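Undergrad: Structure for the following, please:
(2 chains)
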Amino acid sequence: MGAQPAAIALSEVGKRYGPAVALENLTLSVAPGTAFGLLGPNGAGKSTVIKILTGLIPSFVGEATLFGIDVHRTQARLKLGYLPELFHYPQWMTGEALLRYHGQLIGLSPSHIEVQANQLLMRLSLWEARYRRIGSYSKGMQQRLGLAVALLGTPRLLLLDEPTSALDPIGRVLVRDLLLEEKQKGTTIFLNSHLLGEVEHLCDAVAILDHGRLLRQGSLQALLATHLQVTIEVDSLDESLRRDLAQLGTLVAQNGNQLEITFSDRDALAAVAPIVVDHGAKLFRLAPQSEALEAFFVQLLDTAGQEAESHA
Amino acid sequence: MGSRPRKKCLSELLQPTPPWAQGIATARYALLEAFHNRTFLIGGTLGIAFLALYGIGLHLLDSQLRQRGASAFLLHAMVIRSVVPMALWIAALLITALGSVLGAGTLAGDLEQQTALATLARPLRRDTWLYGKLGGSAALLFLVTSVLVWGIDGLTYDLIGEWPLHLFRLWGLLVLQAGLVFGLAALLATRLSGLTAVIATLLLYGVTLIGGLLTAMGSNSRITTLENIGTVLMLLFPANGLTMRATYFASGANPLIGASPFAAAGTAPSAWLTGWAAAYTVAVWWGCHCSFQSREIH
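TA: Numbers count the residues shown, from 1 in each chain, chains lettered A, B, ... in the order given. Predicted coordinates for the structure are as follows:
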């Protein structure tokens, strides 16, 4: 049996709008069954990538495939569920009618449509509102309805562009649990989000884009291993202890007896406790920062910006 | 990380839906949309109101002429040669207005409100969606056009006991006009906003009306240059030429039409104009297809 094709494969994909570069030689691959996060500041080209994959942008250079099928072909989208960033749906339709229409487009039988639509409406807490006009839905409800549309037909690949941007905390938990469930089932998830905590929670791998260029790509674990920011708190912090601890990595901040240090090597962490003890101090806290991806992301973009300035 | 064994999901068992089934689903969606956004309601109400007024007007004319002791021949001549052509002009104006709003609105609504994003990301060919949507709206326009034309014919028959001449030809010409206006508005809406597309279509129709007026003036005053300028303007967008030909088929050659305020010519536009209009209609629909296929959806 041959190797399974990548769920998403982009090879030297480029896209320009006049003189503006939206994407430049982007090559990336997403393995089936994984959750992949696409990160980048506004205007980095994330939505362009998603629109190329969904066939909404038909002209670009390079090659793009979904499960080995060229994205220009209709069949490529047979296993795809897509939630757009701007989740606008016909305001005059009811939620149930929208799901029925999409079910007809993907070729579900009427009985399948009914069963699946009912399950999704219940799962996404829209059951009570199923016969209401979408125009009367809140933004959060419309986004959940968009997710229901994306999940119709149990797709093998979910392309989600900011899937929780309009949701309240309860809605976010609901959607996060649902996506984790989909991931458990083996659905490939391609997530474009500004909420880095969400990406960190769900994704196995990420790619970071800036100005249409790929800055970094890899498994989340490997990327964060080179950027481990920890908080060290001791009972008393003298100058020599501060200097010795700072030598282990990069001192980011000091607040009283508390230091924040970024380690590029996980092994260096093991040296913290002995150093503190050698100086006769007590170690109260040694904790990794929960926003590790965010710190990594910001630092990477800062570095990229500085490099761009120096080249200019 | 990496793939894990999984059960086959429904999407793996799905076969591509036949385009005709997707097209029918989309046409149904377009029909419902036209009902919900009140375009059809407004167009239909205007059409029915016009037919009601036309019927009342015809009967008033009949009673006035009878009171004055006019002969049935005079009534017949007035209705067939002046009233019916004028009614067809007004019907053509209604058809043009409705056609431009439906043609532009069918595409522009989904593109401007970004409701097309999720739909076109489905395993659905763009042209299937395009023709489904346009087909649904065009069916409504066809219905309104037919009701107007056959309504005028029927009311006329009810009064004078005689059908206007060449019924099917004039019906066909006005249907072609509706398709032409609708196609041009849809083509423009693939690149412009809905409102701009409607305004541009109506402006072009205005130019062609002026063309008709110049042709009639040139014909009546025997100034060939004026007539030629009018003809060229009418060829830019042959919608008005089709109305002129339709009124000619309704009433036959008659000198009264040349004096009509709606700028009908004393002589009918040639069959070449119908051919040109048909080619024009095919071109705008094909242009709409090509333009929509290549555009980016944002």
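
Undergrad: Would you mind writing the CA trace of stretch A:79-92 as PDB?
TA: Backbone C-alpha positions of stretch A:79-92 (Å, rounded to 0.1, in the frame of the first residue of the first chain) are rendered in PDB as follows:
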ATOM      1  CA  LYS A  79     -13.700  15.800   2.200                       C
ATOM      2  CA  LEU A  80     -13.400  19.400   3.300                       C
ATOM      3  CA  GLY A  81     -15.300  21.400   5.900                       C
ATOM      4  CA  TYR A  82     -14.700  25.100   6.000                       C
ATOM      5  CA  LEU A  83     -15.500  27.900   8.400                       C
ATOM      6  CA  PRO A  84     -14.800  31.300   7.000                       C
ATOM      7  CA  GLU A  85     -13.400  34.100   9.100                       C
ATOM      8  CA  LEU A  86     -16.300  36.300   8.100                       C
ATOM      9  CA  PHE A  87     -19.100  33.700   8.800                       C
ATOM     10  CA  HIS A  88     -21.900  35.400   6.900                       C
ATOM     11  CA  TYR A  89     -24.900  33.300   6.100                       C
ATOM     12  CA  PRO A  90     -28.200  34.300   4.300                       C
ATOM     13  CA  GLN A  91     -30.100  36.200   7.000                       C
ATOM     14  CA  TRP A  92     -33.500  35.100   5.600                       C
END
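
Undergrad: Next one: that stretch, is it in contact with chain B?
TA: Yes. Looking at stretch A:79-92 against chain B by Cβ under 8 Å from any Cβ of the partner chain, the contacts come from A:79-80, A:82-84, A:86-90, A:92. Where C-beta positions appear, they are placed from N, C-alpha and C, glycine not excepted.

Undergrad: Show the buried residues in these.
TA: Those of the residues of stretch A:79-92 next to chain B that meet the buried threshold are A:79-80, A:82-84, A:87-90, by 16 or more other Cβ atoms under 10 Å in any protein chain shown.

Undergrad: Give me the subset of those lying in strands.
TA: Taking DSSP state E, the ones among these that sit in strands are A:80, A:82-83.

Undergrad: from the residues you listed, which is closest to chain B?
TA: Proximity of those to chain B, judged by Cβ to the nearest Cβ, is greatest for A:Y82, which lies at 4.1 Å.

Undergrad: In the stretch 101-250 of chain A, where is pLDDT below threshold?
TA: Within the stretch 101-250 of chain A, the stretches falling below the threshold (pLDDT under 70) are A:224-227.

Undergrad: In it, mark out all the strands, start to finish.
TA: If you assign secondary structure with DSSP state E, counting those that start in this stretch, the strands in the stretch 101-250 of chain A sit at A:157-161, A:188-192, A:205-210, A:213-219, A:228-234, A:250-255.

Undergrad: out of the ones you listed, nearest to chain B?
TA: Each of those was scored for nearness to chain B using Cβ to the nearest Cβ, and the closest is strand A:213-219 (6.2 Å).

Undergrad: burial count for the residue of the stretch 201-312 of chain A found nearest chain B?
TA: Chain B sits closest to A:D204 of the stretch 201-312 of chain A, with a gap of 4.8 Å, by Cβ to the nearest Cβ. Residues near A:D204, counting by other Cβ atoms under 10 Å in any protein chain shown, number 18.

Undergrad: What segments of chain B are helices?
TA: If you assign secondary structure with DSSP state H, the helices in chain B sit at B:10-13, B:19-36, B:39-67, B:72-78, B:84-112, B:116-120, B:126-160, B:167-189, B:194-221, B:224-236, B:239-251, B:271-294.

Undergrad: Out of those helices, which one sits most buried?
TA: Each of the helices of chain B was scored by mean neighbour count; the highest is helix B:239-251, a mean of 28, by mean count of other Cβ atoms under 10 Å in any protein chain shown.

Undergrad: That helix packs against which elements?
TA: Taking 3 or more Cβ pairs under 8 Å, 6 or more residues apart in numbering or on different chains; DSSP states H and E as the contact definition, the neighbouring helices and strands of helix B:239-251 are helix B:84-112, helix B:167-189, helix B:194-221, helix B:224-236, helix B:271-294.

Undergrad: For these, give me CSV that also has distance to chain A and mean pLDDT.
TA: Written out in CSV, the entries for the helices and strands packed on helix B:239-251 read as follows (distance: least, Cβ to the nearest Cβ, whole Å; pLDDT from 0 to 100):
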stretch, distance to chain A, mean pLDDT
helix B:84-112, 8, 91
helix B:167-189, 17, 94
helix B:194-221, 15, 90
helix B:224-236, 31, 89
helix B:271-294, 7, 94
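
Undergrad: part of a strand, is A:S11?
TA: Yes. Secondary structure assignment places A:S11 in a strand (DSSP: H, G, I helix; E, B strand; the rest coil).

Undergrad: Tell me the spacing between it and chain B.
TA: Here the distance between A:S11 and chain B works out to 20 Å (Cβ to the nearest Cβ, to the nearest Å).

Undergrad: Check which residues of stretch A:126-133 are buried.
TA: Of all the residues in stretch A:126-133, those buried under the rule 16+ other Cβ under 10 Å are A:126, A:129-130.

Undergrad: now swap in stretch A:92-104 and tell me
TA: A:93-104.

Undergrad: Mind pulling the model confidence for the residue of the stretch 151-298 of chain B found nearest chain A?
TA: With Cβ to the nearest Cβ as the measure, the residue in the stretch 151-298 of chain B that lies nearest chain A is B:I297; the distance is 4.2 Å. As summarised for this prediction, B:I297 has a pLDDT of 89.

Undergrad: same question, A:I261
TA: pLDDT for A:I261: 86.

Undergrad: Dump the helices of chain B to TSV, plus distance to A:I113.
TA: Formatted as TSV, the entries for the helices of chain B read as follows, by distance: least, Cβ to Cβ, whole Å:
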stretch	distance to A:I113
helix B:10-13	11
helix B:19-36	11
helix B:39-67	27
helix B:72-78	59
helix B:84-112	21
helix B:116-120	16
helix B:126-160	18
helix B:167-189	30
helix B:194-221	31
helix B:224-236	48
helix B:239-251	42
helix B:271-294	27
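
Undergrad: mind giving me the domain split of chain A?
TA: In the domain annotation for chain A, the residue ranges read A:1-79+A:156-219, A:87-154, A:226-293 (automatic domain parsing).
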